[in-house]
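Enquirer: Provided below for reference: sequence and predicted model.
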Amino acid sequence: MRDLRKQFWGTMCKLAKCDKSIVVLTGDLGFSFYEEFAQKYPNQFINCGIAEQNIIGVAAGLAIQGFKPYIYSNAIFLLSRGHEFVRDDVAFNNLNVKLCGTGASGFLGFTHNIQPQENIKSWLKGIPIKQFYPKDKKSLTSALKSKKGAFIRI
């Protein structure tokens, strides 16, 4: 799978410039990728720290208030630690929250990667949320522009 992290942040810079309701939340990761976004759009960027359940709850609250939150976090922690919050806060309430999961490709060590027995689709089974697995910048941009809540594997 192609690394789409730089394309993600570049696309978010373009989208946030035109839409002030976009807010990107990170789980204390993305260093060397998010700095440009954070500098250009400080009022549209929140580093929630390493608190996956909390970041999803904050994003859900922002969505209820009319914002368009995008969570950028490690896929395994976003889905495993935040599973109940993804299901109850985002999916069951049909909120427009984009869960952008990164790090599932084997480059951060066994604790940070989704293992074969813990694949993304199994974590999301039964949760009514759209799933995107973009392979290039065009499909990533399309997923980020979707009008409903979604999990986007970056």
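Expert: Received it, and whenever you're ready, just let me know what you need. This structure is a prediction, so every number in the text was calculated from the model and none was measured.
Enquirer: Name the helix or strand of the protein that has the lowest mean pLDDT.
Expert: helix 120-124 (a mean of 78; mean pLDDT, DSSP states H and E).
Enquirer: Kindly format the C-alpha coordinates of it as CSV.
Expert: Output in CSV follows, covering the C-alpha atoms of helix 120-124 (Å, rounded to 0.1, in the frame of the first residue of the first chain):
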residue,chain,number,x,y,z
ILE,A,120,-9.6,-3.4,10.1
LYS,A,121,-12.7,-4.9,8.6
SER,A,122,-13.1,-7.2,11.6
TRP,A,123,-12.9,-4.3,14.0
LEU,A,124,-15.7,-2.5,12.0
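Enquirer: Show me what that helix is packed up against.
Expert: Secondary-structure packing of helix 120-124 (3 or more CB pairs under 8 Å, 6 or more residues apart in numbering; DSSP states H and E): helix 75-80, strand 130-132, strand 150-153. (Each C-beta comes from the backbone N, C-alpha and C, glycine too.)
Enquirer: Mean neighbour count, distance to S21 and mean pLDDT added to these, as CSV?
Expert: Shown next, in CSV, are the helices and strands packed on helix 120-124 (neighbours: other CB atoms under 10 Å; distance: least, CB to CB, whole Å; pLDDT from 0 to 100):
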stretch, mean neighbour count, distance to S21, mean pLDDT
helix 75-80, 22, 22, 86
strand 130-132, 15, 20, 94
strand 150-153, 24, 17, 94
